[in-house]
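In: All I have is the shape, not the residue letters:
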C-alpha cells in the first residue's frame with residue numbers, strides 16, 4: 001500500500017478491522033506486500049502513489065470504495081491478476097465468505 005490515510009479511515013470506516021499485511025520486499029524499483037483480508041476486514045483508506053499489480057492467491061469478493069464516490073466489486077480466483085494506475089485513492093473491504101489472500105506489487109517510478 002502506498003500512503004495510508006489514517007484520518008479518513010478513522011472518520012469513514014472505523015467500524016472495520018484492518019487486514020493483515022506484510023512487506024515482503026522493497027527496493028528503489030518495487031515494493032511487494034502480502035495481504036490476508038478476512039471477511040469484514042479492510043485495507044483502510046489509502047492512496048496508491050505508484051502503478052501496481054495484484055496477484056490473487058485465493059477466492060473471495062472484494063468491495064472497493066473510491067474517493068470520487070464510485071464503487072466496484074471484484075471476484076477473486078487463484079491465479080487472476082488486476083492492475084491499477086496511480087494515483088488511486090480507495091478503501092478495499094473483504095465482503096465474501098472466505099479470506100482474500102493476495103500479493104501486491106507496486107512499481108515505483
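Out: Nice, thanks for sending it over. Fair warning: this is a prediction, and the values are worked out from it, not measured in the lab.
In: What residues does residue 52 make contact with?
Out: Contacts here follow Cβ atoms under 8 Å, 6 or more residues apart in numbering; on that basis residue 52 touches 83, 84, 86, 104, 105, 106, 107. (Each C-beta comes from the backbone N, C-alpha and C, glycine too.)
In: Low-confidence ranges, the chain, go.
Out: 1 (pLDDT under 70).
In: quick one: the helices in it?
Out: Shown for the chain, the helices assigned by DSSP state H span residues 6-12.
In: What subset of the contacts of residue 52 is buried?
Out: 84, 104, 105, 106 (16 or more other Cβ atoms under 10 Å).
In: okay if I get those as TSV plus distance to residue 20?
Out: Output for the buried ones among the contacts of residue 52, formatted as TSV (distance: Cβ to Cβ, whole Å):
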residue	distance to residue 20
84	21
104	13
105	18
106	18
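In: Out of those, flag the one nearest to residue 19.
Out: residue 104 (11.4 Å; Cβ to Cβ).
In: My guess is the closest one contacts residue 33. True?
Out: Yes: counting by Cβ atoms under 8 Å, residue 104 does reach residue 33; the two are 4.7 Å apart.
In: Just give me the closest of the contacts of residue 52 to residue 41.
Out: residue 104 (15.1 Å).
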